[in-house]
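Undergrad: My questions are about this predicted structure, shown below with the sequence.
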Amino acid sequence: MTAILHQHDVVIMGGGLAGLTLALQLKQRFADIDIVVLERRAHPVPHATHKVGESSVEIGAHYFDTVLGLQPHMHGAQLRKFGFRFFFSEGRRDIDQVMEIGASRYLSVPSYQIDRGIFENYLAEEAARNGVRFVDSAMVRVIELADDARQPHRIEWSQDGGTHIVHARWLIDACGRAGMLKRKLGLAQPNAHHCNAVWFRVSERITIDDWSDDPAWRARCEPRARWLSTNHLVGAGYWVWLIPLASGSHSVGIVADPRLHPLDTMDTFDKAMQWFRTWQPRLYDDLDGKRHLLQDFAFFRDFSYGCKQVFSGQRWALTGEAGLFLDPFYSPGSDFIAVGNTYITDLIAHDRAGHALEARAQLYDQIYHSFYESTLALYTDQYQLFGDPEVLPIKVIWDYTYYWGVLSQIFFQQRLTDLAVLGSLREELQDCQRLNFAVQDFLRAWSGVSRRRNRPVMLDQAALPWFAELNRSLNDRLDDDAFKARMRASAERLRALAVEILERARHDNPTLAAGELGAVLAEKAAQPHPDAQRETMLFEPG
């Protein structure tokens, strides 16, 4: 049986995190917009649902709590994250005798550990309360894209044995890795980052704070709640995540370069446990008594991928994992949802105003892919240095400085769609990107000659005043001139930091070639920056 055809402003295929937040953002912008969300799964979904993506960082967190106005839910039903934390604990049980990177206190801008089941159930309910038609157990069968702007797209979907046909002015693919539009249009694009991941949940806390009885080690943090961090147990070629969920479960994952840790050594729970026994024995000890609490287990082979195009002037777009996916390290997934959804919302706004879309859609696609390329450089061929206690702390400082100083400033200051202002900063943004590429290459070369000294210290990010202030500065509200000045200062900060990184590396390794980093720095002398007036922007050398 076929239902009567209906016409809608927007049909979103996929009612997960990307699709539901887009529906809410569109409803927030246009109270009268007619949106249908088609979700394959039945709702409500289980808590600690079988999905990755529990950890958010500042852009995604700001999108959820401030842009979408979901702060009461984020504060009341999710966990505030105690930042990222890294332990060089490979082969070790004495967690208090290895190097730790992390903040001793909360920094100014919040982020969250998100139970995806709780969150997506809430988002579906919130969307319905705001007038979005949410249809679960819906399977999209046929997509016919319109040939011109005067015609709607046609979507055919089934539910409970019935067939439904709808017309939509805008069609959004938010259906995750199924990528229905991507497959239909041949947009899939591989990238140079090749890693695998396995993950599972157990229905009990993993309290890393209890892994040592040393009162001095425990007292390093206030609150004494390292378990609220996204904890990374790192080694050469891999990292392990530990993420708490509000439901009481704990998410555990292994992400690894297959050249050093092949997937077939960890692609079942029993294999993963044996892998932990070798590489992270303290975690093995904790999990061994929780085997009966296993809730799920899954893996992804070669999880990272690109996409030739995500926004189109022909009134379609992809968001979330339906488009591209980078890497769970630094948790950029919700950031790219926030950026992508903001661009889609603006394109729909221009369409509703009767403006031409093609040029704007192309520009947004270029900017989005530029963000993607810059972030991809943080991961490509970098997993070998994750086990380096001398170089990874430097990389973490650089990566945060680039993230908070460039992309986060653009998002927090609501400049993503301000093409005039971004155009005036084109040279500075390109310089930052080139510098980032060069620093990532240099860090890899440095790690090749590093002594990898694993000192029993905590490198406290909160004890770097300039670093904590950079985080706080995201809360500022800037006019055009102040924003341009902020971005130019960020570019100078990055250049000064790159100079210091080069000097630090060559102090211990005088024969280390500067390579492309030296060439990029030589093009323009670093200008004095307030942060650089300190003796060092980096942690003191050991």
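TA: That came in fine, so what should we check first?

Undergrad: going forward, measure contacts and count neighbours with C-alpha atoms only.
TA: Fine.

Undergrad: hang on, A462 is in a strand, isn't it?
TA: No - under DSSP: H, G, I helix; E, B strand; the rest coil, A462 falls outside any strand and is assigned helix.

Undergrad: Neighbours of the nearest residue to it once chain neighbours are set aside, how many?
TA: Closest residue to A462 apart from its sequence neighbours, by C-alpha to C-alpha, 6 or more residues apart in numbering: A103 at 4.9 Å. Applying other C-alpha atoms under 10 Å, we find 24 residues neighbouring A103.

Undergrad: Name the residues of the longest helix anywhere in the chain that are buried.
TA: The longest helix of the chain (DSSP state H) is helix 480-508. Under the neighbour-count criterion of 16 or more other C-alpha atoms under 10 Å, helix 480-508 has 483-484, 486-502, 504-505 buried.

Undergrad: what does whichever helix or strand comes after that helix rub up against?
TA: Toward the C-terminus, helix 480-508 is succeeded by helix 515-523 as the next helix or strand (DSSP states H and E). The contact list for helix 515-523, computed with C-alpha atoms under 8 Å, 6 or more residues apart in numbering, reads 434-435, 438-439, 441-442, 495, 499.

Undergrad: rerun that using 10 Å as the cut-off
TA: Residues outside helix 515-523 that contact it (C-alpha atoms under 10 Å, 6 or more residues apart in numbering): 431, 434-443, 445, 495-496, 498-499, 502, 514.

Undergrad: again with stretch 464-480
TA: Residues outside stretch 464-480 that contact it (C-alpha under 10 Å, 6+ apart): 58-59, 62, 103, 106-110, 397, 400-401, 403-405, 408-415, 421, 461-462, 483-486, 490, 530-532, 534, 536-539.

Undergrad: by contact count, what packs against whichever strand or helix holds L283?
TA: Element membership for L283 (DSSP H and E) is helix 281-288. Contact here means 3 or more C-alpha pairs under 10 Å, 6 or more residues apart in numbering; DSSP states H and E; on that basis helix 281-288 packs against helix 269-279.

Undergrad: which residue ranges form the helices in the stretch 351-500 of the chain?
TA: Here the stretch 351-500 of the chain has its helices, by DSSP state H, counting those that start in this stretch, at 358-376, 392-402, 408-412, 419-424, 426-447, 465-472, 480-508.

Undergrad: out of these, deepest packed?
TA: helix 408-412 (a mean of 22; mean count of other C-alpha atoms under 10 Å).

Undergrad: how far out from the middle of the chain is that one?
TA: Its chain's average C-alpha position is 14 Å from that of helix 408-412, according to C-alpha atoms, centre = their mean, to the nearest Å.

Undergrad: Please report how far V255 lies from F276.
TA: 12 Å (C-alpha to C-alpha, to the nearest Å).

Undergrad: hey, what's in contact with both of these two?
TA: Joint contacts of V255 and F276 (C-alpha under 10 Å, 6+ apart) are V240.

Undergrad: the more surrounded of these two?
TA: In this comparison of V255 against F276, neighbours counted by other C-alpha under 10 Å, the higher total goes to V255 at 25 against 22.

Undergrad: contacting residues for the more buried one?
TA: Counting by C-alpha under 10 Å, 6+ apart, V255 touches 195-199, 234, 237-241, 261, 263, 299-300, 303, 327-329, 383.

Undergrad: Of the residues you listed, which count as buried by neighbour count?
TA: With neighbours counted by 16+ other C-alpha under 10 Å, these contain buried members at 195-199, 234, 237-241, 261, 263, 299, 303, 327-329, 383.

Undergrad: Beyond whichever strand or helix holds H62, next helix or strand please.
TA: Assessed by DSSP H and E, H62 sits inside helix 58-62. Reading on from helix 58-62 to the C-terminus, the next helix or strand found by DSSP H and E is helix 71-77.

Undergrad: Just to check, A178 is in contact with G320?
TA: No - taking contacts as C-alpha atoms under 10 Å, A178 lies outside contact range of G320: 11.3 Å.

Undergrad: more neighbours, these two?
TA: Between A178 and G320, counted using other C-alpha under 10 Å, G320 has the larger neighbour count: 27 against 14.

Undergrad: Now do that one, the pLDDT please.
TA: What the model reports as pLDDT for G320 is 97.

Undergrad: quick one: contacts for it?
TA: Shown in contact with G320 (C-alpha under 10 Å, 6+ apart): 16-19, 173-177, 179, 310, 333-341.

Undergrad: Then G186?
TA: Contact analysis of G186 by C-alpha under 10 Å, 6+ apart lists 180, 307-309.

Undergrad: Filter those down to the ones in strands?
TA: Within these, membership in strands is found for C307, as judged by DSSP state E.

Undergrad: Can you say which of the contacts of G186 are buried?
TA: Buried by 16+ other C-alpha under 10 Å: 180, 307-309, out of the contacts of G186.

Undergrad: show me the contacts for G16.
TA: Counting by C-alpha under 10 Å, 6+ apart, G16 has contacts 37-41, 116-117, 119-121, 123-124, 174-176, 320.

Undergrad: Over to it: give its phi and psi.
TA: Main-chain torsions, G16, degrees, to the nearest 10: phi -90, psi -150.

Undergrad: Now do the helices in the stretch 51-200 of the chain.
TA: Using DSSP H, counting those that start in this stretch, the helices found in the stretch 51-200 of the chain span residues 58-62, 71-77, 116-129, 180-185.

Undergrad: could those be laid out in a markdown table, adding distance to R282 and mean pLDDT?
TA: Formatted as a markdown table, those follow (distance: least, C-alpha to C-alpha, whole Å; pLDDT from 0 to 100):
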| stretch | distance to R282 | mean pLDDT |
| --- | --- | --- |
| helix 58-62 | 30 | 98 |
| helix 71-77 | 30 | 98 |
| helix 116-129 | 27 | 95 |
| helix 180-185 | 42 | 96 |
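
Undergrad: deepest of the ones you listed, which one?
TA: Of those, helix 58-62 is the most buried (mean count of other C-alpha under 10 Å), at a mean of 25.

Undergrad: would you put the C-alpha positions of that helix in PDB?
TA: Taking Å, rounded to 0.1, in the frame of the first residue of the first chain, the C-alpha atoms of helix 58-62 are listed here in PDB:
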ATOM      1  CA  GLU A  58      34.700  22.800  22.700                       C
ATOM      2  CA  ILE A  59      33.100  23.500  19.300                       C
ATOM      3  CA  GLY A  60      30.600  20.600  19.500                       C
ATOM      4  CA  ALA A  61      29.900  21.300  23.200                       C
ATOM      5  CA  HIS A  62      29.200  25.000  22.400                       C
END
